[in-house]
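In: Build me a structure from this.
(chains A and B)
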Amino acid sequence: MADANVTSPRAGSLPAPGPAVTKAGSGDVARAMRRRGDQSRFWWLIPAFYIAFLILPIYWLVNMSFKTNQEILGTLSLWPRDPTIHNYMVIFTDPSWYKGYINSIIYVVLNTVISIAVALPAAYAFSRYRFLGDKHLFFWLLTNRMAPPAVFALPFFQLYSAFGLIDTHIAVALAHCLFNVPLAVWILEGFMSGVPKEIDETAYIDGYSFPRFFTKIFMPLIASGIGVAAFFCFMFSWVELLIARTLTTTNAKPISAIMTRTVSASGLDWGVLAAAGVLTIIPGALVIWFVRNYIARGFALGRV
Amino acid sequence: MLELRNVTKTVAGADHIRDVSLTLEHGSLNVLLGPTLSGKTSLMRLMAGLDAPTSGSIWFDGRDVTGVPVQKRNVAMVYQQFINYPAMTVYENIASPLRVAGADAARTDREVKRAAELLRLIPYLDRMPLSLSGGQQQRTALARAISKNAGLVLLDEPLANLDYKLREELRAELPKIFAETGAIFVYATTEPQEALLLGGNTATLSEGRVTQFGPTIEVFRRPKDLVTARTFADPPLNTVILRKQGDSFQLDGGALPVPAGMKAIPEGTYAIGFQPHHLRATRPNADAIVLPAKVLVTEITGSESFVHVQFADVRWVMLASGIHSYQPEEMIEVFIDPRHLMVFDHEGRAVQPAPKAAA
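Out: Down below sits the predicted model:
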């Protein structure tokens, strides 16, 4: 790398360049670079603060979930003095608690399946065909996300009551489609447009029928997109509280709604509540693990 | 036999293909030659059945296949971009048309091996297409087209994205590979040279029309009109518009003698065209026409020189072999053999020389 001493200003000040000098020069440059690194001895400070800031509430939640109520209310301790899994046992044995998780998971999975099943053909149409008003329709889809869910709570309640769907899992799953289908369509359309149209045509020329092409050739190509779209549907449905609570009473009540009902005869059950919080984070963390490599593209709605 | 009868394709009010009639025979190599946007790909898509013509009909072996979906036709197509199924191995890619057709395992394996052998893909059969080089990816696409044993093979500028070496190699092999299958072989290219190297028949396209169709050499040597001549010239055809008066063609600031076979054509306005390599820096023979020209720019490629010259008020390119270092503004003498002059009337139709002068 004889060029190194030409481009670096440090080595440029060296006397008479020759083969031996060049070698010394590049060593010098390396040393200078290391010295620059030494100067910022506290490079780790800001990242450490930032991470601590993010982790602290989560740590505190986990911390509390292993404490007894007396310890939570009595002293400020950085870790449980007397660790207990009692709080978790309460959740796993009391149906009014664990049913909440089952309800949430049922309607979230239902919603994810419906959203993806509906969004796949829609996104394919938007990505491959031009039709009257396609661009307006595509944009209009996204405007559904621009209103707060509270706006829809009332009409949904009225409508679902009329059809006798109140307090069913499918009611919440369908209601969440209002937000998730447009999002899934946008994400999937982005991933699909990244696949050249010629692949479709080559498949037709090879003799594939449309359904066979779609399942055998096309879906494997956008598998990561489907994963990301499913993740976003899962996430929005999992954290959404207002509509889920409005449309359910007992049989399909989601965990987040149960968590807001925390006052028992003996007062506020802090420990159990913390344990419920920890258990609510876990499914999201698990799902995000599977799509971690594609999540950035998902936030860009598949358009990279 | 593939027959296009008065095929027109209109998209959003614009004619992509205008009244094209072509007949392509089995076992023939047909080149579609034309600049970008001349309609080569549109025409191929119509032949394949990916698009339906706006009017006209397409016949295959005496059967009207207009509007028959592409799945039901026996065609194979290779694109300029390297199109494979990224989620499948090279083996599965090549096997894919056979699998869809429901061929048994033994036959599939035999056909895949044969195609892979022809395109030297045997070592890569277990790899994924995207892990291969561009040339190997395109060979995979070609192998898939071969394994299908289609009656009509469409290659849309298949070599345009490959590097020079590979391109030459594949260009020499492709006609041989497909000739054995007896299929109708259609090859689109923008390069006149490629058409000449492939041989066979050539259809020149310009703005969605087929301007001429015939044996490649024939089309190149004796274009029917000025548009065809322009399409089939690289570097661009040298042209000049002038008036025939007696035995000479006149223009402001110069004159050319009328070639021997054309003395009898009526007086009037004509366009003369000739290939850049027919303009010479040295006298080729005694009959050559000598013209004074002013050098504008000289580009040297190594073994050849492109000399841009001005004669009267028209600009020409001289493709001269060897290295010529003319100074700009220098006046030189350039030579044309009159036999190489192509004369077109005011409507652009070629004026045929009298038979005895035909070369």
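In: OK, contacts around the residue lying closest to residue A:118 once chain neighbours are set aside?
Out: Leaving aside its chain neighbours, residue A:118 sits nearest to residue A:181 (5.4 Å; criterion: Cβ to Cβ, 6 or more residues apart in numbering or on different chains). The C-beta positions use only the backbone N, C-alpha and C, and glycine is treated the same way. Applying Cβ atoms under 8 Å, 6 or more residues apart in numbering or on different chains, we find residue A:181 in contact with A:115, A:118-119, A:122, A:141.
In: Now that we have those residues, which of them are buried?
Out: A:115, A:119, A:122, A:141 (16 or more other Cβ atoms under 10 Å in any protein chain shown).
In: Please identify the helix or strand for the nearest residue to the second one once chain neighbours are set aside.
Out: Distances taken as Cβ to Cβ, 6+ apart put residue A:184 closest to residue A:119, at 3.6 Å, once the chain neighbours are dropped. Under DSSP states H and E, the secondary-structure element containing residue A:184 is helix A:169-193.
In: Which single residue in the stretch 101-250 of chain B comes nearest to chain A?
Out: Of the stretch 101-250 of chain B, the residue with the smallest distance to chain A, taken as Cβ to the nearest Cβ, is residue B:101 at 6.0 Å.
In: going on from the helix holding residue A:184, what's the next piece of helix or strand?
Out: Later in the chain than helix A:169-193, the nearest helix or strand by DSSP H and E is helix A:197-206.
In: now the helix or strand that comes right after that next one, how far from the centre of its chain.
Out: The C-terminal neighbour of helix A:197-206 among helices and strands, as given by DSSP H and E, is helix A:210-213. Its chain's average C-alpha position is 30 Å from that of helix A:210-213, according to Cα atoms, centre = their mean, to the nearest Å.
In: Can helix A:210-213 be said to contact chain B?
Out: Yes: judged by Cβ under 8 Å from any Cβ of the partner chain, helix A:210-213 and chain B are in contact via residue A:212.
In: So for that helix, what gets flagged as buried?
Out: Neighbour count says helix A:210-213 has residue A:213 buried, by 16+ other Cβ under 10 Å.
In: can you tell if the very next helix or strand once past it touches chain B?
Out: Sequence order places helix A:219-221 as the next helix or strand after helix A:210-213, per DSSP H and E. Yes: judged by Cβ under 8 Å from any Cβ, helix A:219-221 and chain B are in contact via A:220-221.
In: Name the residues of chain B found near chain A, please.
Out: Residues of chain B lying close to chain A by Cβ under 8 Å from any Cβ are B:48, B:50, B:69-71, B:75-77, B:79, B:81, B:83, B:85-88, B:96-97, B:100-101, B:141, B:144, B:148.
In: okay, now residue 76: neighbour count?
Out: Went with chain A since none was named. Taking other Cβ atoms under 10 Å in any protein chain shown as the criterion, the count of residues near residue A:76 is 6.
In: please go with chain B instead
Out: Around residue B:76 sit 26 other residues, with neighbours defined as other Cβ under 10 Å.
In: my guess is residue A:281 meets residue A:57, correct?
Out: No: at 10.7 Å, residue A:281 does not count as touching residue A:57 under the criterion of Cβ atoms under 8 Å.
In: picking up where we left off before, got a quick PyMOL command for the buried subset of the residues of chain B next to chain A?
Out: In PyMOL, the members of the residues of chain B next to chain A classed as buried (16+ other Cβ under 10 Å) are selected with the following command:
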select buried, chain B and resi 48+50+70+71+75+76+77+79+81+83+85+86+87+88+96+97+100+141+144+148
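In: So which of the residues of chain B next to chain A are in helices?
Out: Cross-referencing the residues of chain B next to chain A against helices under DSSP state H gives B:48, B:96-97, B:100-101, B:141, B:144.
In: where do the helices sit along the stretch 151-300 of chain B?
Out: Secondary structure of the stretch 151-300 of chain B by DSSP state H, counting those that start in this stretch: the helices cover B:164-179, B:192-198, B:216-221, B:226-231.
In: Pull out the buried residues from the longest one.
Out: In this case it means helix B:164-179. Across helix B:164-179, burial judged by 16+ other Cβ under 10 Å covers B:166-167, B:170-171, B:174, B:177-178.
In: quick revisit: tell me the pLDDT at the residue of the stretch 101-250 of chain B closest to chain A?
Out: pLDDT, the model's per-residue confidence, is 88 for residue B:101.
In: Then the one 10 residues further on?
Out: As predicted, residue B:111 sits at a pLDDT of 89.
In: Need the three-state assignment for it.
Out: Three-state secondary structure (criterion: DSSP: H, G, I helix; E, B strand; the rest coil) places residue B:111 in helix.
In: distance of it from residue B:103?
Out: 7 Å (Cβ to Cβ, to the nearest Å).
In: okay, those two: which has more neighbours?
Out: Neighbours were tallied for residue B:111 and for residue B:103 using other Cβ under 10 Å; the higher tally belongs to residue B:111 (20 against 16).
In: dump the residue contacts of that one.
Out: Residue B:111 sits next to B:95, B:98, B:103, B:147, B:149 when contact means Cβ under 8 Å, 6+ apart.
In: show me the contacts for whichever residue of chain B sits closest to chain A.
Out: Taking Cβ to the nearest Cβ, chain A has its nearest neighbour within chain B at residue B:87, 3.7 Å off. Applying Cβ under 8 Å, 6+ apart, we find residue B:87 in contact with A:217, A:220-221, A:223.
In: Let me know the closest of those residues to chain B.
Out: Sorting the contacts of residue B:87 by distance to chain B puts residue A:220 at the head of the list, at 3.7 Å, by Cβ to the nearest Cβ.
In: For residue B:221, give its distance to residue B:210.
Out: The separation that residue B:221 has from residue B:210, given Cβ to Cβ, amounts to 18 Å.
In: and these two? which has more neighbours close in?
Out: Neighbour totals were compared for residue B:221 and residue B:210, and residue B:210 leads with 23 against 13 (other Cβ under 10 Å).
In: Spit out the contact partners of the more buried one.
Out: Residue B:210 makes contact with B:20-22, B:203-204 under the criterion Cβ under 8 Å, 6+ apart.
In: Without its sequence neighbours, what residue ends up closest to the residue of the stretch 101-250 of chain B closest to chain A?
Out: Distance criterion Cβ to Cβ, 6+ apart; nearest residue to residue B:101, sequence neighbours excluded, is residue A:207 at 6.0 Å.
In: thinking that neighbour is in contact with residue B:97, fair?
Out: Yes: Residue A:207 is in contact with residue B:97 according to Cβ under 8 Å; the separation is 5.9 Å.
In: now the stretch 1-150 of chain A, which segments are flagged as low pLDDT?
Out: Scanning the stretch 1-150 of chain A for pLDDT under 70 picks out A:1-27, A:29-39.
In: any chance you could map the helices in it?
Out: Listed from the start of the chain, the stretch 1-150 of chain A has helices (DSSP H, counting those that start in this stretch) covering A:4-7, A:9-12, A:19-39, A:45-65, A:69-74, A:86-93, A:95-128, A:134-143, A:149-162.
In: Most tightly packed of those helices?
Out: Across the helices of the stretch 1-150 of chain A, averaging neighbours per residue (mean count of other Cβ atoms under 10 Å in any protein chain shown) puts helix A:95-128 on top, at a mean of 19.
In: For it, name the packing helices and strands.
Out: Helices and strands touching helix A:95-128, as assessed by 3 or more Cβ pairs under 8 Å, 6 or more residues apart in numbering or on different chains; DSSP states H and E, comprise helix A:86-93, helix A:134-143, helix A:169-193, helix A:223-239, helix A:255-260, helix A:270-290.
In: which one of those is the most hemmed in?
Out: helix A:169-193 (a mean of 23).
In: Mind checking which of the contacts of residue B:210 land in strands?
Out: B:20-22, B:203-204 (DSSP state E).
In: any idea which of these has the most stuff around it?
Out: Each of the ones in strands among the contacts of residue B:210 was scored by neighbour count (other Cβ under 10 Å); the top score is that of residue B:204, with 29 neighbours.
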